[in-house]
Each structure stands twice: as C-alpha cells, then as structure tokens.
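*Asks:* When you get a sec, could you give me coordinates for this:
(chains A, B, C and D)
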Number of protein chains: 2
Amino acid sequence: MKQDLLVAVDCIIFGYEGEKLQLLVIKRDIEPFQGSWVIPGGFLQENENLEEAARRILYSKTSVYNAYLEQLFTFGEVNRDPRGRVISVAYFSLIKSTDYKLIAGITSNDIKWVDVKETPELGFDHKIIVNLALERLKGKFSYQPLGFNLLEDEFTLTELQQLYETVLNRNLDKRNFRKRILDTAILKETGKKRAGVKNRQPLLYTFDLNKYKELTKQGFEFKL
Amino acid sequence: MKQDLLVAVDCIIFGYEGEKLQLLVIKRDIEPFQGSWVIPGGFLQENENLEEAARRILYSKTSVYNAYLEQLFTFGEVNRDPRGRVISVAYFSLIKSTDYKLIAGITSNDIKWVDVKETPELGFDHKIIVNLALERLKGKFSYQPLGFNLLEDEFTLTELQQLYETVLNRNLDKRNFRKRILDTAILKETGKKRAGVKNRQPLLYTFDLNKYKELTKQGFEFKL
DNA sequence: GCAAAAGTGTTGTGTATACACCCATGT
DNA sequence: ACATGGGTGTATACACAACACTTTTGC
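*Replies:* Take a look at the predicted model:
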C-alpha cells in the first residue's frame, strides 16, 4: 500500500492589538505562490503527532510555545495544491497580547500581522481556511471563555469587553457585560489598578483557570 | 519530499432503532486487530476528496449514499496503528430509520448494529473516536435540528421526542417539547395519521428543509 | 369500559435587556 | 475646571420550567 500524497499542518494564528483581531501571515519565498501571503504551515514529520507539528510551526514563527491551540478542520480537496496531493490539517491558535508585542518587534518583510478585516489575498485555499477559523472563533467565544488567551495576564474589564465586541462584531452593554462576567466568577481581582492613564484607574483582573475548570466539571455553562 | 505515512478515512455511522442510538461496527478479517470490531474505514484514494472517500466507505457498508455526513476530527497519534504511521480523518454519519431497516436485513457475521450504550471493545483507537463522535452529536443536537436525519421522512412528535431524549440522555417535558418544536415552524403537518396503533392515532409530520434554510439565513437559532 | 398513548394552556420563576449618572484621574 | 473613561443598580420583557386532565383508538 502506497499513497502518493503528503500531510501538512497549517496554523491560523490570531492576535489582538489596537482593538483589532490580527492574523499572522508570511510571504512564500518559493513556488508555488512565491511572493504570496499565506498562513504558516509545514509538512508533518514522521515522529510527531499532529498537535506537536502545529506547535512546532507556531513556535518557529512566533517563539511562543504554550499558546491556546485547537484543531480546526482537515482540508483535502484533490487540487488544492498545484504540487500534488496535499492533505492539510489546520489548527488555530490564540496568542497573548504580551507575546504579540514581542513578535511585532521582530517583524520583517516576509512575516506580518494583518487586521482580519483587511486580510490580503492568500495563496492556496488559505482564505477559505481563515474564514472557517473566524467563524469557529466567533462561535466558540459565545460559549467558552477564550478571550483570556488573547489578552495579557492582567487586564481590565473594558479591555475584555472590547475584545469580545471585536470578535463577536457587535456592541455589548457595559453594565450587563460586567455583571455576567463577574457573576460567573471566573475572574479574580488582582487588587491592582492600571496606572498612567489619563482618567480613573481601572481595576486589573486575571482569569481564574482553576475556578473555571471546577465550574466546568459541574456542568457550568458560559454564554454571552 | 516524501512522507512514510498513509491517510485513512473512518466513519462513525449512527442509526436509531428501538429507542436506542445504534452504531455500525464491522469485524476485521485481517491483521492487525483481526477478529476485533472496528468502525468502517479505508484509505484515501488519489482522485477523491475526503468527503468523497467517506461517502464511498459509507456506501460500501450500507448502500446509502445521501446520508447526513460531517467531518469530526483528524487523529494522528504516532502509534495509533501498529502497521505504521496512519492519519485518520474521521467522519460521522446519520442514517435514516428506513435505511437502517434495510441494512439490518443484510446483517451478517461481520457487520452489525450495536447500542452505543453497549459498544464492545473496538480495535485501534476507535473507542476514542466513537466517544468523541457521541459528544459532538450530543452537542449539536442541542442547537441544530439533526434529529430528522435519524428518523423516517414522516414521524410523530412522540418519536421525535424519544429520539432527543435518547441522544441528550435526559427526559424532556412533553408539552414544552412540542411547543418549542412547533413554534420554530420547521415541521410541516402531513395531515396523515399513523394508523394501526392501539391508541389514539398520532399526527405525522415532516421536516421542512426549505423553511429551516430560510430561518437559518435570518439568523434563527434552534435550541433545546 | 378499559388500557394506552395523544394532545393541549397557564402560571410562576428566573434570565436577558435596556438604560443614565456619578467618580477618579491627568492635564 | 474640564475631559476622559471607570464604575454602578433597577425596572421590564421575555424565555424556560413545572404541572394534570381530556381525547381517541384498539381490544
């Protein structure tokens, strides 16, 4: 038994900065699609699992290892790659704002963040892949607290709300948002305030992962 | 570039009979796991898409071609197959009750339906795959009207409710269930009644696919 | 007429939404 | 003192959950 095909892993990497949801794209330096922007990917190695491959690719572009990572979908259209048959297992990842800033610093000509609302044309079928990732992200945001993976460890409620508004693409009521988030009790007050702002200093919160796990076990549901 | 691996497609095939959710399993006639029960699968052919492969496998075991089919997950653990590296793209499928009966008729020693609550040990990592499929099915049932894919074209509200109770694994209130289903208006009365029962004859309904599509476009949400 | 399942509304309870003003800080 | 965003409570509408009796049919 032999198959004349290859298995690749592609990563949709999301960041959040300037109240915009950002996507990491790289410029291909070889054919096919030389010079086109694409999402980072690579071929699966013999001794690695799919998720390991995704983390390897993620790390190679961002130097981030422990980001949120989730399998999205597997694409296998016969003609999706002009070189031949390539099956692509797509993963999507959420990068913390602190890490985002480091990556932004090493920006070169062939790697950059783009606002997902202004995504350029992408090589292969990567536009389709990204669109699916966006739908999934939006869907998951409504019933799972993923937002914390895109912010810094400590954040204000307003920052969190702005993130949700960006991803869900609608405005949320400030008081209702705060009430719901605080009622679920998955946030912990740090007692600190963000200083150096030109108005009242907002309280800083962290995501209480243990509390969240505990609640999840009890069949708790988060919805927004 | 060369990879020493194979891509397989495996199908979790669900049916519904006797108020039980059923899973189609086959007995392997070759090593590895010879004599074990497994879910149907096969290797991806060069000229077929992933979903086409899933349909081919589905058809080869059930003679059903147009069942509900959805990609579930891709499994790629390094040692999941003793023969070597095999990536498996899993699909799950829902078989109408009418088709179920045909398949049940051709039951042989090496293919059978089993109640998912009494699934035997399965070869490879298929138990894990089936469990994931069950979770996904349960999840989707709550917010997408998939039930109709497991019943006959015409069904009674009680039958529909029993199906939901089986899949969701909890009891539902009859009046509330009927109210909600009928309020969404995705059902059409046929005007017919099911005769030959030893009590009052229940009305028969069909799923109104067009209405459902229309409502979905308007951002309607189904929840149970 | 009896057994068995079909069919049918109302009421309370909790949840989601809409909404406006005062507070702290920097300039 | 003024501009900027932070922080807070209530009233209303809506959705969900609980609940029991009458009707039809076959035997």
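*Asks:* CA only for contacts and neighbour counts going forward, please
*Replies:* Noted.
*Asks:* For the longest strand along chain A, name the packing helices and strands.
*Replies:* Looking across chain A with DSSP state E, the single longest strand is strand A:5-17. Here strand A:5-17 is seen to pack against strand A:20-27, strand A:41-43, helix A:50-62, strand A:85-94, helix A:97-105 when contacts are counted using 3 or more C-alpha pairs under 8 Å, 6 or more residues apart in numbering or on different chains; DSSP states H and E.
*Asks:* ok, of the ones you listed, where does mean pLDDT dip lowest?
*Replies:* Comparing mean pLDDT over these, the weakest stretch is helix A:97-105, at a mean of 77.
*Asks:* Which secondary structure elements does the very next helix or strand once past it sit against?
*Replies:* Along the chain past helix A:97-105, the next helix or strand (assigned with DSSP states H and E) turns out to be strand A:111-115. If you count contacts as 3+ C-alpha pairs under 8 Å, 6+ apart, strand A:111-115 packs onto strand A:20-27.
*Asks:* Show me what the strand it packs on is packed up against.
*Replies:* Judged by 3+ C-alpha pairs under 8 Å, 6+ apart, strand A:20-27 is in contact with strand A:5-17, strand A:37-38, strand A:111-115, helix A:157-168.
*Asks:* Alpha carbons of the third one, as PDB, please.
*Replies:* Read it as strand A:111-115. Coordinates of the C-alpha atoms in strand A:111-115 are reproduced here as PDB (Å, rounded to 0.1, in the frame of the first residue of the first chain):
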ATOM      1  CA  ILE A 111       6.100  38.000   8.200                       C
ATOM      2  CA  LYS A 112       3.400  40.400   9.500                       C
ATOM      3  CA  TRP A 113       0.200  40.700  11.400                       C
ATOM      4  CA  VAL A 114      -2.800  41.900   9.400                       C
ATOM      5  CA  ASP A 115      -6.200  43.000  10.700                       C
END
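*Asks:* Could you export the helix or strand just after that strand as CSV, CA atoms only?
*Replies:* Under the assignment DSSP H and E, the closest C-terminal helix or strand after strand A:111-115 is helix A:126-143. Provided in CSV are the C-alpha atoms of helix A:126-143 (Å, rounded to 0.1, in the frame of the first residue of the first chain):
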residue,chain,number,x,y,z
HIS,A,126,-5.9,29.7,2.8
LYS,A,127,-8.6,32.3,2.6
ILE,A,128,-11.2,29.6,3.0
ILE,A,129,-9.3,28.2,5.9
VAL,A,130,-9.0,31.5,7.6
ASN,A,131,-12.7,32.2,7.1
LEU,A,132,-13.6,28.9,8.7
ALA,A,133,-11.3,29.7,11.6
LEU,A,134,-13.0,33.1,12.1
GLU,A,135,-16.5,31.5,12.1
ARG,A,136,-15.3,28.9,14.6
LEU,A,137,-13.7,31.5,16.8
LYS,A,138,-16.8,33.6,16.8
GLY,A,139,-18.9,30.6,17.7
LYS,A,140,-16.6,29.4,20.5
PHE,A,141,-16.3,32.9,22.0
SER,A,142,-20.0,32.8,22.8
TYR,A,143,-19.9,29.7,25.0
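*Asks:* wait, what's in contact with A:Arg194?
*Replies:* By C-alpha atoms under 8 Å, 6 or more residues apart in numbering or on different chains, the contact list for A:Arg194 reads A:Thr156, A:Gln201, A:Pro202, A:Leu203, A:Leu204.
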